[in-house]
Structures are given as C-alpha cells and as structure tokens.
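Peer 1: sequence first, then the predicted structure, then my questions.
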Amino acid sequence: MPLLSALEKFLYYTYAIEDGKVVENFKIVKFEDFLISPHDFLKDLCDYIGLDFDTRIVPGPNQKSSVYCQMKSRWYPAKADANNKYIQQLTKDEIVIIKSECDDLIKQFGYDIV
C-alpha cells in the first residue's frame, strides 16, 4: 500500500474517532482483536449491536471458509501477525513519517512501529 494512501486512511480514522465522541452507539474495533480471539470479539460485537450470536460465524478448523473469503487459508486459523510482513518492509524514512503523522493514534491503539 502506498504510504500516502496509508496516511490518508489513518487521518480518516482520526476523524471517525472524533465523531465517535459525539455520536451515540459508536464502538471502535480493532481487526487485531478479532485475529487474537475471534469468538470473544464476535460475541462482544453481536451483543453490542443487538444480534444473536451464532458460533457458525467464528472461523473454525472444520468449517468451510466464508463466502466473503476466497482463500480458505485466510479464514482459519486467524493469523494475529498478518501485518508483520508489511511492517518489516517499511523503510526508515517511512517509519519516521508514520510516527510523525500518526503517533497519537499509534499510542491510543497500542501499536508499535519499530
């Protein structure tokens, strides 16, 4: 992903977080939380939005992949380190730019960029 595109997306997240301070029924979710504990994440999300939780929506070993996922290997098992290869490809200059532009959000969400 081009660096500018990534920074633009991060700025959109900043605007969304600010909007969430004044909007009812706003919940911040992190994809990494889903990867770490899909069952708990999806149960919590269903509870929050008022849906019945069904374990069939949780990726599992004997389950066909989701109709939304073309590759079974992306469905199960969930890979908590899915973004590591992209982070490792960042140049030192890109890391400096990301930290200078996004440091507040990086800290708020508990991320670490080398």
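Peer 2: Okay, I see it.
Peer 1: from now on I want contacts and neighbour counts done on CA atoms only, so please keep to that.
Peer 2: OK.
Peer 1: nearest residue to the middle of this protein?
Peer 2: With distances taken as CA atoms, centre = their mean, residue 31 lies nearest the centre of the chain, 2.4 Å away.
Peer 1: off-centre distance for stretch 88-107?
Peer 2: 17 Å (CA atoms, centre = their mean, to the nearest Å).
Peer 1: pLDDT on it, on average?
Peer 2: What stretch 88-107 shows for mean pLDDT is 86.
Peer 1: the residue nearest to the centre of the chain and residue 61, how far apart?
Peer 2: 20 Å (CA to CA, to the nearest Å).
Peer 1: coming back round to it: separation between the residue nearest to the centre of the chain and residue 97?
Peer 2: With CA to CA as the criterion, residue 31 and residue 97 are 23 Å apart.
Peer 1: any chance you could map the helices in the chain?
Peer 2: For the chain, applying DSSP state H gives helices covering 3-20, 31-36, 38-49, 84-88, 92-108.
Peer 1: what about residue 80, how many residues nearby?
Peer 2: Residues near residue 80, counting by other CA atoms under 10 Å, number 14.
Peer 1: give the closest residue to it in space, chain neighbours not counted.
Peer 2: residue 35 (4.9 Å; CA to CA, 6 or more residues apart in numbering).
Peer 1: correct me if wrong: the one you found contacts residue 78.
Peer 2: Yes: the criterion here is CA atoms under 8 Å, and residue 35 meets it with residue 78 at 5.2 Å.
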